[in-house]
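Participant: everything below, folded, please.
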Amino acid sequence: QSQFAESGGGLVQPGGSLTLSCVPAGFVLDNFSIGWFRQAPGKEREEVACLTSADDIIYEDSVKGRFTISLDNAKKTMSLQMNNLRPDDTAVYYCAAKFSPRGTRCSVSYMDVWGKGTLVTVSS
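Facilitator: Predicted structure coming up:
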């Protein structure tokens, strides 16, 4: 059972934008490292963007300059703003988190709270 409510996926044309959001159920993201991950058909799940509890921001190379990860001041909503989308961005996108005060890590294996995923399709 997912501990996040995800929203914002859908179909968009190349060059378009989408914003994904994730709200935790019953807790806030204070002292959590958070991240967005994606899994394309036939591929392994990969890291897209991370914001650690130590305030380090990490982006996968192919999304640098196009995607922005954020957490609102109330620590209740995490978002991924995606601009200039490309067909190879098509995937199921997952939000994830791990309670880790002053944490600096972020990876598929490290995160332990996951959303169910939302499909992003980039196609003309």
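Participant: buried residues of stretch 28-41, list them for me.
Facilitator: L29, F32, S33, I34, G35, W36, F37, R38 (16 or more other Cβ atoms under 10 Å). (C-beta placed from N, C-alpha, C; glycine too.)
Participant: where does the last one land on pLDDT?
Facilitator: The reference is to R38. Looking at R38, its pLDDT reads 98.
Participant: between the buried residues of stretch 28-41, which sits nearest V23?
Facilitator: L29 (9.5 Å; Cβ to Cβ).
Participant: does the closest one count as helix, strand or coil?
Facilitator: Classification of L29 using DSSP: H, G, I helix; E, B strand; the rest coil returns coil.
Participant: before we move on, back to that, make JSON lines out of the buried residues of stretch 28-41 and add distance to Q81 and secondary structure.
Facilitator: Shown next, in JSON lines, are those (distance: Cβ to Cβ, whole Å; DSSP: H, G, I helix; E, B strand; the rest coil):
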{"residue": "L29", "distance to Q81": "17", "secondary structure": "coil"}
{"residue": "F32", "distance to Q81": "19", "secondary structure": "strand"}
{"residue": "S33", "distance to Q81": "19", "secondary structure": "strand"}
{"residue": "I34", "distance to Q81": "14", "secondary structure": "strand"}
{"residue": "G35", "distance to Q81": "15", "secondary structure": "strand"}
{"residue": "W36", "distance to Q81": "10", "secondary structure": "strand"}
{"residue": "F37", "distance to Q81": "16", "secondary structure": "strand"}
{"residue": "R38", "distance to Q81": "15", "secondary structure": "strand"}
